[in-house]
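> Fold the following, please.
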Amino acid sequence: MKFDALLSAGGIPQPGDSLYEFSQGRSKALIEIAGKPMVQWILDALSEAEHIGNVVIVGLTEADGLTCKKPLSYVPNQGEMLPNIRAGARKIAELNPQAEYCVLVPSDTPAITGEMVDWVLEQVRVPDDEMLYNVVEKDVMEARFPDSRRTFTRLKGAEVCGGDVTPVALRVILSSGGTWEKLSDARKSPLKQAALVGFDTLLLLLLRQLTVEAAAKRASRSLELRARAQFCPYAEIGMDVDKAHHLEVIRSYLEAKH
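Numbers count the residues shown, from 1 in each chain. I've put the predicted structure just below:
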C-alpha cells in the first residue's frame with residue numbers, strides 16, 4: 001500500500017527564537033544542515049521509501065529548489081500548523097481521489113531515512129487504525145543522541161517522547177466538525193486539551209499509573225478516534241529540531257554519518 005506524504009514546512013522562527021539567527025526570517029525547513037536545506041534530507045528519505053507515493057509540501061514553493069524522486073506538489077502557507085495540514089490533505093485528495101491515508105512528516109526531522117519511514121507505515125493496520133502515534137523510549141533516544149535534552153513523559157513502565165512520522169486517515173483531517181476541529185480549538189488552551197482526553201486520564205498520567213497503551217486507548221475514546229500508540233525503535237523519528245541546541249546535535253550527527 002502506498003501512502004502520500006504531507007510535509008509541513010510553514011514554520012518561520014521569529015526574533016527571540018533560538019533558531020532565528022539560522023533562519024533569518026525564512027522557513028525553518030530551509031536552515032542548512034551538512035550541505036543542504038534541512039527539508040531536503042527529509043525529501044531524500046521519502047524518495048527512498050518504498051511505501052511513499054505522492055509528496056505534498058505545505059509552506060514552500062518550487063523557487064526553493066528542492067528535489068524528490070517521488071511526484072512533488074506545493075501548497076501555500078496557510079499561516080498556522082493545523083490549517084496547513086488540512087490544506088495539504090485537500091491537495092492529496094485532489095491528486096489521488098482514492099487515497100485513504102496520508103503520513104504526516106514535519107520538516108524538522110532530517111535524520112530519518114527511507115527504511116524508518118517504511119517501518120512505520122508497515123505497522124498500520126488498515127482499515128482499523130485511523131491514526132498511529134509513535135513514541136520513543138528514553139534509553140533508545142539517549143543511546144543514539146546522548147545530548148538531545150528532549151522532554152520525556154513518565155508513564156507506567158516507561159519514559160517516552162513523541163515521534164514525528166504519523167500515519168493518519170485522510171477523513172480524520174478533512175471531516176467537518178469532528179476530531180480535527182476539537183484538536184484545533186484546543187491547540188492553545190491546556191485546559192481544553194486536558195478536557196479532550198479527560199481529567200481522570202490527566203490525573204492518572206500525573207500519578208504515572210498509565211501505560212502507553214492505556215493512555216492511547218483513553219485518548220481515542222475521548223476523541224472518538226481509532227488511534228494506537230506504538231514503541232518505535234528509531235530515535236531519529238523523535239529527534240526534531242526545536243531549538244538551536246537540537247540543530248547543533250543534528251548537524252554533528254549528519255556530518256559524521258555522511
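> surely residue 160 meets residue 140?
No: under the criterion of C-beta atoms under 8 Å, residue 160 lies out of contact with residue 140, with a separation of 9.2 Å. From N, CA and C alone the C-beta is placed, and that goes for glycine too.
> who's more crowded, these two?
Shown here are residue 160 and residue 140; by other C-beta atoms under 10 Å, residue 160 has more neighbours (23 against 19).
> Whatever helix or strand residue 119 lives in - contacts with which helices or strands?
Taking DSSP states H and E as the definition, residue 119 sits inside helix 114-122. Counting by 3 or more C-beta pairs under 8 Å, 6 or more residues apart in numbering; DSSP states H and E, the packing neighbours recorded for helix 114-122 are helix 38-48, strand 52-58, strand 101-106.
> can I get the CA coordinates of the second one in PDB?
Taking Å, rounded to 0.1, in the frame of the first residue of the first chain, the C-alpha atoms of strand 52-58 are listed here in PDB:
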ATOM      1  CA  ILE A  52       5.500   6.600  -0.300                       C
ATOM      2  CA  GLY A  53       3.500   7.700  -3.300                       C
ATOM      3  CA  ASN A  54       3.000  11.500  -3.800                       C
ATOM      4  CA  VAL A  55       4.700  14.100  -1.700                       C
ATOM      5  CA  VAL A  56       2.900  17.400  -0.800                       C
ATOM      6  CA  ILE A  57       4.900  20.200   0.800                       C
ATOM      7  CA  VAL A  58       3.000  23.000   2.600                       C
END
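> Could I get the helices and strands packed on helix 114-122 in a markdown table, plus columns for mean pLDDT, mean neighbour count and distance to residue 86?
A markdown table is the format used below for the helices and strands packed on helix 114-122 (pLDDT from 0 to 100; neighbours: other C-beta atoms under 10 Å; distance: least, C-beta to C-beta, whole Å):
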| stretch | mean pLDDT | mean neighbour count | distance to residue 86 |
| --- | --- | --- | --- |
| helix 38-48 | 98 | 22 | 20 |
| strand 52-58 | 98 | 24 | 9 |
| strand 101-106 | 95 | 23 | 11 |
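> could I get the ones you listed as a markdown table with distance to residue 65?
Formatted as a markdown table, the entries for the helices and strands packed on helix 114-122 read as follows, by distance: least, C-beta to C-beta, whole Å:
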| stretch | distance to residue 65 |
| --- | --- |
| helix 38-48 | 9 |
| strand 52-58 | 12 |
| strand 101-106 | 19 |
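> Compare the ones you listed and give me the one nearest residue 241.
helix 38-48 (6.7 Å; C-beta to C-beta).
> got the residue ranges for the helices in this structure?
20-23, 38-48, 81-95, 114-122, 138-144, 170-174, 179-186, 190-197, 199-206, 212-223, 244-257 (DSSP state H).
> State the pLDDT value of residue 120.
pLDDT recorded at residue 120 is 97.
> Now do the contacts for it.
Contact criterion C-beta atoms under 8 Å, 6 or more residues apart in numbering gives 103, 132, 134, 163, 165, 167, 232, 237 as the residues in contact with residue 120.
> Max pairwise distance over these: which two?
Among the contacts of residue 120, 103 and 232 lie farthest apart (C-beta to C-beta), at 13.5 Å.
> Dead centre of the chain: give me the residue that sits there.
For the chain, the residue nearest the mean C-alpha position is residue 164 (3.1 Å; C-alpha atoms, centre = their mean).
> For the stretch 101-250 of the chain, which residues score under the pLDDT cut-off?
Across the stretch 101-250 of the chain, residues meeting the criterion (pLDDT under 70) sit at 176-212, 214-216, 218-223.
> To what extent is residue 74 buried, counted in neighbours?
Other residues close to residue 74 by other C-beta under 10 Å number 19.
> tell me the contacts of it?
Contact analysis of residue 74 by C-beta under 8 Å, 6+ apart lists 56, 57, 58, 60, 61, 62.
> how about 6 Å then?
With contact set as C-beta atoms under 6 Å, 6 or more residues apart in numbering, residue 74 has these partners: 57, 61.
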